[in-house]
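Visitor: Could you look at this predicted model? Sequence included:
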Amino acid sequence: MQIPEGKKIYFSSDNHLGAPTMEQSLPREKKFVAWLDHIKHDAAAIFLLGDLFDFWFEYKTVIPKGFTRTLGKLAEISDSGVPIYFFVGNHDLWMRDYFKTELNIEVFHKPKDFTFNNTTFLIGHGDGLGPGDKGYKRMKKVFTNPLSKWLFNWLHPDIGVKLAQYMSVKNKLISGDDDAKFLGEDNEWLVQYCKRKESQQHRDYYVFGHRHLPLEISINDTSKYINLGDWIQYYTYGVFDGNVLELKEFKG
């Protein structure tokens, strides 16, 4: 993708809309929508790197109630011709085709390579990558198993959504911040993942979310790992102007 003159690529992750309650997340949703309004005029593309919602499950004819402001704004921007790409996170991994059919937003379930103005990127949410975290990796296999999804689908939405929201809010990234602390490069699994991928193929930038921490860490002299932070505490996002990727804070 060549970025037109005066345009930029924007990256955002980990809004967790709906947590800990719809009422408490509403100010954060309004702030995110204000950010989308702020960037839509010079955006060449927008990348949403997962956990936009604290819980998302698409039944055949039902989606979770709420998030009208966000979905409407994404539809408006997509309809205007700005491409939007979505990478499912661990809180919205049960996304199916709603974003594609209703909003014309491409949905990815695994990290993917992109090139902008000859600058190479590996982009993804970040959950379950790198060494360690074996408990979560086992849990993810259960959640993504077709039988598990089929069984959950048979729960009435009022029961299924309420149960999932209760379990999701218990996640310590929302109810506490034990995991949202820098652990040092040797203990950051995504750093280790990026180093391993860099040894196999060079990328200029590795862009992920999931950690809820805005981070910029050099993988080597020509490669950098960027974590986008979140829209719970930091309100940070990434912007690539065709030459450099920077983290910024939205204060609007």
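Guide: Yep, it's here. None of these values were measured; they are calculated from a predicted model.

Visitor: Could I get the buried residue list for stretch 241-252?
Guide: Neighbour-count burial for stretch 241-252, with 16 or more other C-beta atoms under 10 Å as criterion, is recorded at Asp241, Gly242, Leu245, Leu247, Phe250. (Each C-beta comes from the backbone N, C-alpha and C, glycine too.)

Visitor: Please apply the same query to stretch 88-97.
Guide: Of the residues in stretch 88-97, Val88, Gly89, Asn90, His91, Asp92, Leu93, Trp94, Met95, Arg96 count as buried by neighbour count, 16+ other C-beta under 10 Å.

Visitor: Make JSON lines out of these and add distance to Glu188, pLDDT and secondary structure.
Guide: Formatted as JSON lines, those follow (distance: C-beta to C-beta, whole Å; pLDDT from 0 to 100; DSSP: H, G, I helix; E, B strand; the rest coil):
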{"residue": "Val88", "distance to Glu188": "22", "pLDDT": "94", "secondary structure": "coil"}
{"residue": "Gly89", "distance to Glu188": "18", "pLDDT": "90", "secondary structure": "coil"}
{"residue": "Asn90", "distance to Glu188": "17", "pLDDT": "87", "secondary structure": "coil"}
{"residue": "His91", "distance to Glu188": "20", "pLDDT": "82", "secondary structure": "coil"}
{"residue": "Asp92", "distance to Glu188": "23", "pLDDT": "82", "secondary structure": "coil"}
{"residue": "Leu93", "distance to Glu188": "22", "pLDDT": "75", "secondary structure": "coil"}
{"residue": "Trp94", "distance to Glu188": "27", "pLDDT": "77", "secondary structure": "strand"}
{"residue": "Met95", "distance to Glu188": "26", "pLDDT": "81", "secondary structure": "coil"}
{"residue": "Arg96", "distance to Glu188": "32", "pLDDT": "82", "secondary structure": "coil"}
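
Visitor: what two of the residues you listed are the furthest from one another?
Guide: Greatest spatial distance among the buried residues of stretch 88-97 (C-beta to C-beta): Asn90 and Arg96, at 16.2 Å.

Visitor: of all the buried residues of stretch 88-97, which comes closest to Leu103?
Guide: For the buried residues of stretch 88-97, the nearest to Leu103 is Met95 (11.4 Å; C-beta to C-beta).

Visitor: residues near Thr68, how many?
Guide: Neighbours of Thr68 under the rule other C-beta atoms under 10 Å: 9.

Visitor: and what of the one 4 residues further on?
Guide: Applying other C-beta under 10 Å, we find 12 other residues in the vicinity of Gly72.

Visitor: quick one: it and Val33, what's the gap?
Guide: The spacing between Gly72 and Val33, counted by C-beta to C-beta, to the nearest Å, is 8 Å.

Visitor: do Thr222 as well
Guide: 36 Å.

Visitor: likewise Gly184?
Guide: Distance from Gly184 to Val33, by C-beta to C-beta: 36 Å.
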